[in-house]
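Undergrad: Take this sequence and fold it.
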Amino acid sequence: MDHPRTRRPVPAFVALPGGFGALLVVGAAAALAGGRFGATGVLLCVAVIVAAGSLAAEPLAAPVLGLIGWLTVIGFSRPPYAQLRPAGPVAARAAVVMAACAVLGAGAGLLMRRLEPSFRLWIVGVRRADRAVPGFPAAVRGRRRAAGVLLVAGLPLLTWVLVVGERHLDLTDDLLFYLLAVVLIAVVGGFWPAVLAAVTASLLVNWYFTTPRHTLTIDQPRNLLALLLFVTVAVTVSSVVDLAARRTVQAARSGEDAAALLALAQTVLGGADAPAAVLDHLTGNWGGSAELLEQVSGHWVTVARSGTAAAGAVPRWVDVRDGLALVVAGQSRAITPRLLDGFAAQAGAALDRDRLRTQAAQAEALAEGNRMRTALLAAVSHDLRTPLASIKASVSTLRQTDVSWTPDDERALLATIEDGADRLDALIGNLLDASRLATGSLQPFLRPVSVDEIAPVALRGLGAVEVRLAIPDGLPLMRTDPGLLERVLANLFANALAHSPPGRAPVLRASAAADTVVLDICDQGPGVPDDLKELMFEPFERLGDRGSGVGLGLAVASGFLEAMGGSVAPLDTPGGGLTMRVTLPAATAPARPAAAADS
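TA: Here you go, the predicted structure:
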């Protein structure tokens, strides 16, 4: 819910021309009525206009409205109309009434605008938060406004020039020169110096160029009407010039806001779309602090925070949506409410995207877990049953008392039991290794190791098998974990043996390349198509259920090598078959003694 905003007063450059126009209408109506309107009627109408204008406009407009209202009353209260009589009971009473209307109207306007948000907040029952209200930016500031005031001080010089040339000019020419000066002051110094110039010019014209001279009395109605029209036109033109300048400033600020929002959008689209990144962009360009708050169980908690604000900085609260808000404070330069709303919306969207990514990652992890459980159950249901069934059958056969078994039969049954137990041991070992990799609990112990120290141990775990080892003399030592490398070579040897044709044993070829040691385990089996070579390292993948096992051997080998800083890649064996290339970093220790093994 958006917080109620303080109603802004009508800008002076809008209120003054409107008020002057209304006062001229009252004067013209009194003159046309030919005395039937009465002094009291004129006073009441002018008092209503001044009070209403002071109530609605910003406070600085009230004195000017009161002054022009007083001139209207004393000039159009009784015939002959349009004669300025600043002395007498009518002028005194009008001065009191206009002053009271201006003061009371301005005070009532200030009070109403101050109490209105609290009253509305009390009605709808929501909390109050400080928030800047958009409006017209100031057209000019500082030095230009001071320059405008200095130009007003130059109006007496213009008056002296006009007095010197009075023989060649009439009142209309004088008013046009003053109007040109007022417009110039409006361009340089803004609206209020122009209003000051218009009032000053009207007094100078009255004193020096209207009869009777050197008094504030005007005895010719057309001169008073011309003077009032001059003030009205001067203020109106000044307001138009000032409004154009304000629109220029507003357009420049809008361009800056658009550029800032574009930079924010590029930041978000570039990947930095976390709430903290949005707040960092805000504080990095405007300084201060920024917090994204979320309401949880009735309390506001910080979701993201960036920057620091000076002590005593007033916070600005921007609602993103129900239960989510952006609070900024201590910005080093002004930031418009529209731009702040844009940052708030982006921060809220970034928070939603961040949470969606987290939920997607959790859902993906759950899906992966479900896939692994499904694959594990499917694999275990077959690969555990087969060795268990053979072990169970062999043991049951040996336990039969009504049959006499020959020693050869007993050896065959015991070999079946041993083979089933080995298969169970390898299966359970791979499952445990896969679990260690999945949980991140694998901590390899790296040390210099030679190839011919590990390869025979890996072969012994596979039983009586034939694998040729081609290890050259002077091969550097490898920096690896001996136990993990043994498991890797055992899995790769088992995979090569399973696909090698009879009479064509796999080969382990070792070589050195740069700062690495390369081990190629080559078989001459059917090989693997290129589109399946990456897939074969996925857990529980058996390439179309060919062969036995749950499909964890290559996945475990790849995970172990990655943990040790190595890698494994499938290649085609020249002449047919598959080569598994293992690459490990070479150790800095001296090379092993020359020894060749080829078995």
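
Undergrad: In this structure L388 contacts G420, no?
TA: Yes. Using CB atoms under 8 Å, L388 makes contact with G420 at a distance of 7.0 Å. Using the backbone N, CA and C atoms, a C-beta is placed for each residue, glycine as well.

Undergrad: Now do the same contact list for L326.
TA: Counting by CB atoms under 8 Å, 6 or more residues apart in numbering, L326 makes contact with 290-293, 317-318, 320, 340, 343-344, 347-348.

Undergrad: could you dump the residues you listed to CSV with neighbour count?
TA: Below are the contacts of L326 laid out as CSV (neighbours: other CB atoms under 10 Å):
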residue, neighbour count
A290, 31
E291, 20
L292, 25
L293, 19
W317, 17
V318, 21
V320, 20
L340, 21
F343, 24
A344, 24
A347, 29
G348, 21
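
Undergrad: Out of those, list just those in strands.
TA: The strands, defined by DSSP state E, take in 290-293, 317-318, 320 from the contacts of L326.

Undergrad: between the residues you listed, which is closest to P407?
TA: L292 (81.1 Å; CB to CB).

Undergrad: who does that closest one bridge with?
TA: Judged by DSSP bridges, the bridge partners of L292 are A304, L326.

Undergrad: List the contacts of it.
TA: Counting by CB under 8 Å, 6+ apart, L292 touches 275, 279, 302-305, 320, 324-326, 347-348, 351.

Undergrad: which one of those is nearest L157?
TA: Distances from L157 to those, taken by CB to CB, are shortest for L326, at 54.2 Å.

Undergrad: on that earlier part again, name the residue in L388 and G420 with the higher neighbour count.
TA: G420 (20 against 14; other CB atoms under 10 Å).

Undergrad: Name the nearest residue to the more buried one, sequence neighbours excluded.
TA: Once flanking residues are discounted, G420 sits nearest to P387: 3.6 Å by CB to CB, 6 or more residues apart in numbering.

Undergrad: Equivalent analysis for T516, please.
TA: T583 (5.2 Å).

Undergrad: Let me know whether that neighbour touches A514 as I believe.
TA: No. Between T583 and A514 there is no contact, the gap being 10.1 Å when judged by CB under 8 Å.

Undergrad: okay, the two: which has more neighbours?
TA: Comparing T583 with A514 by other CB under 10 Å, the one with more neighbours is T583, at 17 against 7.

Undergrad: Quick one: mean pLDDT over whichever strand or helix holds that one.
TA: Under the criterion of DSSP states H and E, T583 resides in strand 578-585. Across strand 578-585, the average pLDDT comes to 91.

Undergrad: gap between that strand and the chain center?
TA: Here strand 578-585 is found 47 Å from its chain centre; the criterion is CA atoms, centre = their mean, to the nearest Å.

Undergrad: so where does L24 fall, helix or strand?
TA: helix 12-33.

Undergrad: Who are the packing partners of that helix?
TA: helix 39-56, helix 61-76, helix 191-209, helix 221-269 (3 or more CB pairs under 8 Å, 6 or more residues apart in numbering; DSSP states H and E).

Undergrad: Please state the offset of the shortest one from the chain centre?
TA: The chain centroid and the centroid of helix 61-76 are separated by 53 Å, computed with CA atoms, centre = their mean.

Undergrad: For it, enumerate the helices and strands it packs against.
TA: Using 3+ CB pairs under 8 Å, 6+ apart, helix 61-76 sits against helix 12-33, helix 39-56, helix 89-124, helix 191-209, helix 221-269.

Undergrad: any idea of the angle the third one forms with helix 61-76?
TA: With axes from the mean of the first three to the mean of the last three CA atoms, to 10 degrees applied, the angle from helix 89-124 to helix 61-76 works out at 140 degrees.

Undergrad: switch to numbering from 58
TA: Understood, numbering begins at 58; the last thing we discussed is helix 146-181.

Undergrad: Now do helix 146-181 against helix 96-113, angle only.
TA: 40 degrees.

Undergrad: Can you spell out which helices and strands pack onto helix 146-181?
TA: Against helix 146-181 (3+ CB pairs under 8 Å, 6+ apart) you get helix 96-113, helix 118-133.

Undergrad: Kindly report the same for the last one.
TA: In this structure, helix 278-326 makes packing contacts with helix 69-90, helix 118-133, helix 228-246, helix 248-266, helix 332-343, helix 394-440, judged by 3+ CB pairs under 8 Å, 6+ apart.

Undergrad: So I392 lies in a helix, does it not?
TA: No. Assessed by DSSP: H, G, I helix; E, B strand; the rest coil, I392 does not belong to a helix; its assignment is coil.

Undergrad: so who does the nearest residue to it once chain neighbours are set aside touch?
TA: The spatially closest residue to I392, leaving aside those adjacent along the chain, is W343, at 5.1 Å (CB to CB, 6+ apart). Neighbour list for W343: 388-390, 392 [criterion: CB under 8 Å, 6+ apart].

Undergrad: Just the buried residues of those residues.
TA: Among the contacts of W343, those classed as buried by 16 or more other CB atoms under 10 Å are 388, 392.

Undergrad: Farthest pair within the contacts of W343?
TA: S389 and I392 (9.7 Å).

Undergrad: Which residue ranges of the stretch 408-557 of the chain form strands?
TA: Using DSSP state E, counting those that start in this stretch, the strands of the stretch 408-557 of the chain run over 504-506, 525-527, 535-537.

Undergrad: who's in contact with the nearest residue to G380 once chain neighbours are set aside?
TA: Using CB to CB, 6+ apart and skipping the chain neighbours, the partner closest in space to G380 is Q352 (4.1 Å). Neighbour list for Q352: 358, 380-381 [criterion: CB under 8 Å, 6+ apart].

Undergrad: Now do the helix or strand containing Q352: distance to the chain's middle.
TA: Assigned by DSSP H and E, Q352 falls within strand 346-353. Its chain's C-alpha centre and that of strand 346-353 lie 14 Å apart, by CA atoms, centre = their mean.

Undergrad: try stretch 161-168
TA: Its chain's average C-alpha position is 42 Å from that of stretch 161-168, according to CA atoms, centre = their mean.

Undergrad: Would you mind putting the CA coordinates of that stretch into PDB?
TA: Extracted C-alpha coordinates of stretch 161-168, given in PDB (Å, rounded to 0.1, in the frame of the first residue of the first chain):
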ATOM      1  CA  LEU A 161      -4.700  33.800   7.500                       C
ATOM      2  CA  GLY A 162      -4.900  32.100   4.000                       C
ATOM      3  CA  ALA A 163      -1.200  31.300   3.900                       C
ATOM      4  CA  GLY A 164      -1.300  30.000   7.500                       C
ATOM      5  CA  ALA A 165      -4.400  27.900   7.000                       C
ATOM      6  CA  GLY A 166      -2.800  26.400   3.800                       C
ATOM      7  CA  LEU A 167       0.300  25.500   5.700                       C
ATOM      8  CA  LEU A 168      -1.700  23.900   8.500                       C
END
